[in-house]
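> got a sequence here, can you model it:
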Amino acid sequence: MKKIIILLLTIFFLTKIATYENTVLILNQYTGIVRETPTFDRDEALLVLKNYDMEDSLYVKELLKVNNTWIGNTYNYKEAYEKNYLFKWGENDQSYNNPNFDEEEREKEYNKNIGYFIIENNTRTYGLSKEEVEKKLNISSLKLKSAEIYMKKYGGKGILKKFYRDFFIALYKDKNYDEDDFMKDDEKTAPEVRKLIISRNIIIVYLGIILISYLYFILKKNINDILENIKIMSGKIKRLFALDFIVIISYFLLIPKLYNSIKILEFTFWWIVVKNFLLYYYLKKDKLKILLGLHFLLFIILITITMKFNIKLLDSLYYIIYFISLFSFTILLFYKKENIGNILMLSSSYIVQQFIYFFIISRLFLILS
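Predicted structure coming up:
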């Protein structure tokens with residue numbers, strides 16, 4: 001059961017990779033909701049109610065669509081201040097630059113229009129209570145939903161999520177991308193994003209096949225034999241996983257000499273590719289010292305060649321090399337006529353750990369960039 005949960009969670013998080021989010025939701029010809037770019041990941045209040053006759057930005061918390069009528073609820077001043085750093089920064093800036101700034105008066109002014117609102121074809125009403133909305137629209141029990149649900153369903157102008165925008169901007173510094181280049185189907189960035197999405201889908205399909213197979217073995221009631229057979233090899237995979245982090249720590253210790261020549265993603269890529277090609281021998285052979293020596297030797301040779309000749313492969317080649325290395329382990333297990341259950345369980349365990357590792361490295365890459 002534990003392995004099923006881990007596989008399901010991994011597949012779920014993989015579906016979130018390189019996804020788009022809508023940025024505009026039109027409520028009527030005068031009013032819409034626009035998504036702000038978060039300053040920090042913890043920012044929650046991001047959907048701003050925009051109207052030509054409204055001075056303040058009201059942050060939308062909940063929405064409901066009834067026929068052609070939109071009903072919404074907004075954050076009050078204190079909530080917006082706590083849940084949106086950009087709003088907080090703007091208010092603090094006013095306070096600092098304006099000696100006559102009165103925080104209490106500013107909060108009262110802002111809160112005049114907060115609360116519930118009704119947007120119809122040609123009318124807009126703000127600052128309502130829940131009871132006033134129910135009475136005005138003859139609704140017995142008003143229940144709103146997260147504004148994100150409606151933004152996803154009815155919104156438009158999709159843009160790649162912030163983490164992946166930042167990732168691609170840092171990765172392709174020489175191309176001078178900015179955030180506007182990551183709108184859905186943008187000609188400049190679509191090829192790079194598409195490669196990542198295809199890679200994600202390959203892994204999702206593979207893990208999906210493993211999940212179905214796992215359930216099949218449970219129904220056949222021979223899963224315990226399979227788990228017993230792979231227990232020792234799974235332990236070796238975990239030790240290799242720990243070794244990956246030791247190598248990255250070494251990278252940071254050598255960073256003054258290395259970082260200007262080879263970036264953390266490229267460093268990690270060649271280490272993982274070599275490990276993928278040698279994984280079968282790591283798990284099936286007992287000559288650990290020889291294999292570790294061979295691993296480091298091949299890795300150092302590849303890194304040295306990359307640095308000395310300033311080799312930059314085509315993006316597609318990086319993906320192709322990675323997938324050949326990743327599935328070489330599975331192919332070898334099939335070639336050696338390993339039990340099909342062993343093959344599936346081992347490869348899934350390895351891929352899940354590698355996914356976690358790449359996620360951590362991606363975060364580090366953004367921090368260093």
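
> for the stretch 251-369 of the chain, give me the ranges with low pLDDT.
Low-confidence segments of the stretch 251-369 of the chain, defined by pLDDT under 70: 254-262, 338-342, 369.

> does residue 277 count as helix, strand or coil?
helix (DSSP: H, G, I helix; E, B strand; the rest coil).

> can you report how many residues lie near it?
Residues within reach of residue 277, counting by other C-beta atoms under 10 Å, total 18. All C-beta spots, glycine's among them, are computed from the backbone N, C-alpha and C.

> all helices of this protein, in order?
2-14, 77-83, 85-97, 103-110, 130-137, 147-154, 162-171, 190-219, 223-253, 255-258, 264-284, 288-309, 315-335, 340-368 (DSSP state H).

> mind checking which of these is nearest residue 67?
Checking the helices of the chain against residue 67 by C-beta to C-beta gives helix 130-137 as the closest, at 10.2 Å.

> which parts of that closest one are buried?
133-134 (16 or more other C-beta atoms under 10 Å).

> tell me the contacts of residue 165?
159, 179, 182 (C-beta atoms under 8 Å, 6 or more residues apart in numbering).

> let's see 10 Å
Residues counted as contacts of residue 165 (C-beta atoms under 10 Å, 6 or more residues apart in numbering) are 37, 159, 177-182, 189, 193.

> repeat that for residue 285.
278, 291.

> cutoff 8 Å now
So residue 285 contacts residue 291 (C-beta under 8 Å, 6+ apart).

> ok, for the most centrally placed residue in the chain, nearest residue in space, not its chain neighbours?
With distances taken as C-alpha atoms, centre = their mean, the residue of the chain nearest its centroid is residue 17 (4.7 Å). Closest residue to residue 17 apart from its sequence neighbours, by C-beta to C-beta, 6 or more residues apart in numbering: residue 200 at 4.7 Å.

> same deal with residue 139?
residue 133 (7.1 Å).

> returning to what we had before: distance of the residue nearest to the centre of the chain from residue 83?
Computed with C-beta to C-beta, to the nearest Å, the distance linking residue 17 and residue 83 is 26 Å.

> before we move on, back to that, filter the contacts of residue 165 down to the buried ones.
159, 177, 181-182, 189, 193.

> where is pLDDT lowest across those?
Note: of the buried ones among the contacts of residue 165, the lowest pLDDT belongs to residue 177, at 82.

> what pLDDT does the closest residue to that one other than its chain neighbours get?
Among residues not flanking residue 177 along the chain, residue 169 sits closest, at 5.0 Å (C-beta to C-beta, 6+ apart). pLDDT for residue 169: 81.

> the one 10 residues further on now?
Here, the pLDDT recorded for residue 179 equals 78.

> might one say that it is in contact with residue 164?
No: contact criterion C-beta atoms under 8 Å: residue 179 and residue 164 do not qualify, at 11.2 Å.

> quick one: residues in contact with stretch 345-363.
Contacts of stretch 345-363 (C-beta under 8 Å, 6+ apart): 3, 6-7, 10, 13-14, 167, 203, 206-207, 210, 214, 226-227, 230, 233-234, 237-238, 241, 244-245, 248, 264-265, 268, 272, 279, 283, 326, 329-330, 333.

> got the CA positions of that stretch in PDB?
Provided in PDB are the C-alpha atoms of stretch 345-363 (Å, rounded to 0.1, in the frame of the first residue of the first chain):
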ATOM      1  CA  MET A 345       9.300  -2.400  -8.800                       C
ATOM      2  CA  LEU A 346      13.000  -1.600  -9.000                       C
ATOM      3  CA  SER A 347      12.700   0.900 -11.900                       C
ATOM      4  CA  SER A 348       9.800   2.700 -10.300                       C
ATOM      5  CA  SER A 349      11.600   3.100  -7.000                       C
ATOM      6  CA  TYR A 350      14.700   4.400  -8.800                       C
ATOM      7  CA  ILE A 351      12.700   6.900 -11.000                       C
ATOM      8  CA  VAL A 352      10.800   8.300  -8.000                       C
ATOM      9  CA  GLN A 353      14.000   8.900  -6.100                       C
ATOM     10  CA  GLN A 354      15.600  10.500  -9.200                       C
ATOM     11  CA  PHE A 355      12.500  12.800  -9.600                       C
ATOM     12  CA  ILE A 356      12.900  14.000  -6.000                       C
ATOM     13  CA  TYR A 357      16.600  14.600  -6.600                       C
ATOM     14  CA  PHE A 358      16.000  16.600  -9.800                       C
ATOM     15  CA  PHE A 359      13.400  18.700  -8.000                       C
ATOM     16  CA  ILE A 360      15.900  19.600  -5.300                       C
ATOM     17  CA  ILE A 361      18.600  20.400  -7.800                       C
ATOM     18  CA  SER A 362      16.200  22.600  -9.800                       C
ATOM     19  CA  ARG A 363      15.500  24.600  -6.700                       C
END
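
> please consider this matter closed, and thank you.
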